[in-house]
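Q: Sequence and predicted structure below; questions after.
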Amino acid sequence: MIQANNVTVQFGGKALFERVNAVFSPGNCYGIIGANGAGKSTFLKVLSGELEPQKGEVSMTPGERLSVLEQDHFKYDEYEVVRTVLMGNPRLIEIMEEKDALYAKPDFSEEDGIKAGELEAEFADLDGWNAEADAEFMLNKLGVKDEFHYIKMADLATDLKVKVLLAKALFGNPDILLLDEPTNHLDLSAIRWLENFLLDFENTVIVVSHDRHFLNKVCTHICDVDFGKIQMYAGNYDFWYEYTQMRQRQQRDQNKKNEQKIKELQEFIQRFSANASKSKQATSRKKQLDALEMIDMPVSSRRFPYVDFKPDRACGNDLLRVDSLTKTIAGRKVLDNISFVIHPREKVAFVGSDAVAKTTLFKILMGEEEPDSGSFKWGVTTSQEYFPSDNSRYFDGVDYNLIDWLRQYTTETLETDIRSWLGRMLFSGDDALKRANVLSGGERVRCMLCKMMLSGANVLLLDEPTNHLDLESITALNNGLIRYSETVLFTSHDHQFIETIANRIIEISGPTIIDRKGTYEEFLAAFDEEQLKKY
């Protein structure tokens, strides 16, 4: 068990949250939610001991082990991948090192033998003989293949390093597990495995995530960071959302009733306070008026952008034909003879464990890369707008304010019109004068979406658009793409995003593709049935 007692954290004299009291007990998974900058990751750092609160304290049950999903991708560069995972259980590593040192002694004594026996017994209690196999199993399930297991962490790509650090956090059955955005860089298959792992996990889990389906699947409680407080609710994300929306509606309705009642009482008092025969009634009304209070509704830190894509024209009958596309990158064939046809007004999710393959396909379709062989053809009535997974070229080294940055991508000339578009994406007032090269990841994404909205395109290609966005922005984008009347091609690791938008799923898996019309849930059900047929 881990407990926050009267915890307050301040930055620059401003409180992120104050007097937080919360108990996190075994057998439960607690989802930490809130707007970007509300203090979710900061709260995890306080719980882990990485950050000291200005007031209050965090306590743990003595003897319990806490494990954290670390964010430093370079910390373990000198170690092999499997060794890094095993380091998730520090005591196991200590025993292994002590054993190796003892057995390497040239003058191995009787005392050394007794010590070695004790270490071997503790090693067996920690299931040490199966530790490497368990680590390899986790790595494979998270998408780190056998070929990477015994190379140095320094030689891994960043997305694989993130997966190794996640395996390290999960390894060895910790008593308390703190996870900050654990689904980042995971493909949908790995996310499903992680969901099942956490559902079977019997100890305490505290997780920050922007993935609504993930929060719904694994969480027993939601901790909402807002209004400078952290409020805990029993139930998953959907329950929290419905409950808080209902409560806000009730409070607004009650305030409206109170406003009307106050007006009626004030009018009565004003009319009859000087009337002797009505004086008692007027006095009674004054007491009623004094007793009436408006419910305080503080301003939330949550802000929803307005995302709405309007095509300048509808596309014709011919949209996109892809014939036998093949592409090799760094000696690896990422696309192998890929063919498909996209029809007007389809919303197609491209899924699969190889992010490079999906990104490469989109780059080829947008003319940013050439295929080794094969061809593709867009319909003459189509116009495309692209959201790349890496948007750095649009911002790095660009010393424009946001008004001038957006001016590059629109025919709008009046500053008030450009400010209006930026305001939709939460850049109002002085925020519109921010320099483009200093924006956060989430701010860059909102700028790219604003650029897309101004394009008037009738085909949208989006490569992992939900990365870096908070739940409110994800919801706004989700709804905007549902409303969009033309064609969408997209990749995402957000289950709910795919389920609510796509009407066709294409999985790119090595030399083959799996192409099914229907929802993502229908695709998964068919996929599971096909997997079962193999056994």
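A: Okay, I see it.
Q: Spatially, what comes nearest to K99 if we skip its sequence neighbours?
A: L119 (5.2 Å; Cβ to Cβ, 6 or more residues apart in numbering). (Glycine included, C-beta is placed from N, CA and C.)
Q: Secondary structure element holding that neighbour?
A: In the assignment (DSSP states H and E), L119 maps to helix 110-125.
Q: Can you report how many residues neighbour the residue nearest to K99?
A: Close neighbours of L119, defined as other Cβ atoms under 10 Å, add up to 17.
Q: what's the distance between it and E94?
A: To E94, L119 is 9 Å away according to Cβ to Cβ, to the nearest Å.
Q: Next: G316.
A: In terms of Cβ to Cβ, G316 sits 68 Å off from E94.
Q: And for Q384?
A: 56 Å.
Q: More neighbours: which of those two?
A: More neighbours surround Q384 than the other of Q384 and E94, with 17 against 12 (other Cβ under 10 Å).
Q: give the contact list for that one.
A: L365, M366, W378, A457, V459, L460, L461 (Cβ atoms under 8 Å, 6 or more residues apart in numbering).
Q: Filter those down to the buried ones, PyMOL style.
A: Restricted to buried positions by 16 or more other Cβ atoms under 10 Å, the PyMOL selection for these reads:
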select buried, resi 365+378+457+459+460+461
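Q: Which ones among the contacts of Q384 lie within strands?
A: W378, V459, L460, L461 (DSSP state E).
Q: Among the residues you listed, give me the pair with the biggest separation.
A: Longest distance between any two of the ones in strands among the contacts of Q384 is 13.2 Å, between W378 and L460; criterion Cβ to Cβ.
Q: so where's the longest helix in the chain?
A: Longest helix in the chain, counting residues (DSSP state H): helix 237-272.
Q: List the buried residues in that helix.
A: Buried, per 16+ other Cβ under 10 Å, within helix 237-272: Y237, W240, Y241, T244, L265, F268, I269, F272.
Q: Lowest pLDDT pick from the residues you listed?
A: Across the set of the buried residues of helix 237-272, F272 stands lowest in pLDDT, at 71.
Q: ok, so what distance separates that residue from Q408?
A: For F272, the distance to Q408 - Cβ to Cβ - is 67 Å.
Q: what about this structure, any weak spots by pLDDT?
A: Along the chain, segments meeting pLDDT under 70 span 273-274, 276-279, 282, 294-299, 510-511, 528-535.
Q: Not counting sequence-adjacent ones, nearest residue to the residue most central in space within it?
A: Nearest to the geometric centre of the chain sits H210, at 3.1 Å (Cα atoms, centre = their mean). Sequence neighbours aside, L471 is the residue nearest to H210 in space, at 5.3 Å (criterion: Cβ to Cβ, 6+ apart).
Q: Show the contacting residues for I95.
A: Taking Cβ under 8 Å, 6+ apart as the criterion, I95 is in contact with L119, E122, F123, L126, G128.
Q: Count the residues that sit near the closest residue to G27 other than its chain neighbours.
A: In space, and not counting its chain neighbours, G27 is closest to E202: 6.1 Å by Cβ to Cβ, 6+ apart. E202 has 9 neighbouring residues, counting by other Cβ under 10 Å.
Q: go on, K168?
A: Neighbour tally, K168, other Cβ under 10 Å: 25.
Q: Tell me which helix or strand comes right after the helix or strand it falls within.
A: K168 is part of helix 158-170, with elements assigned from DSSP H and E. Sequence-wise, the next helix or strand downstream of helix 158-170 (DSSP H and E) is strand 176-180.
Q: Which elements pack onto the next helix or strand after that following strand?
A: Downstream of strand 176-180, the first helix or strand assigned by DSSP H and E is helix 188-200. Helix 188-200 is packed against helix 158-170, helix 212-218, helix 495-501, with contacts defined by 3 or more Cβ pairs under 8 Å, 6 or more residues apart in numbering; DSSP states H and E.
Q: Save those as JSON lines, and put in distance to V9 too.
A: Listed next are the helices and strands packed on helix 188-200 as JSON lines, based on distance: least, Cβ to Cβ, whole Å:
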{"stretch": "helix 158-170", "distance to V9": "23"}
{"stretch": "helix 212-218", "distance to V9": "23"}
{"stretch": "helix 495-501", "distance to V9": "31"}
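Q: Nearest to A476 among these would be which one?
A: Closest to A476 of the helices and strands packed on helix 188-200 is helix 495-501 (Cβ to Cβ; 11.8 Å).
Q: Contacts for the closest one, please.
A: Contacts of helix 495-501 (Cβ under 8 Å, 6+ apart): 188, 191, 211-214, 216, 347, 349, 351, 466, 474, 478, 481-482, 488, 490, 492, 505, 519-521.
Q: Only the buried members of the residues you listed: can you turn that into a PyMOL selection?
A: With 16+ other Cβ under 10 Å as the criterion, this PyMOL line picks the buried residues out of the contacts of helix 495-501:
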select buried, resi 188+191+211+212+213+214+216+347+349+351+466+474+478+481+488+490+492+505+519+520
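Q: re earlier: where's the residue nearest to G27, which helix or strand?
A: Here E202 is assigned to no helix or strand, by DSSP H and E.
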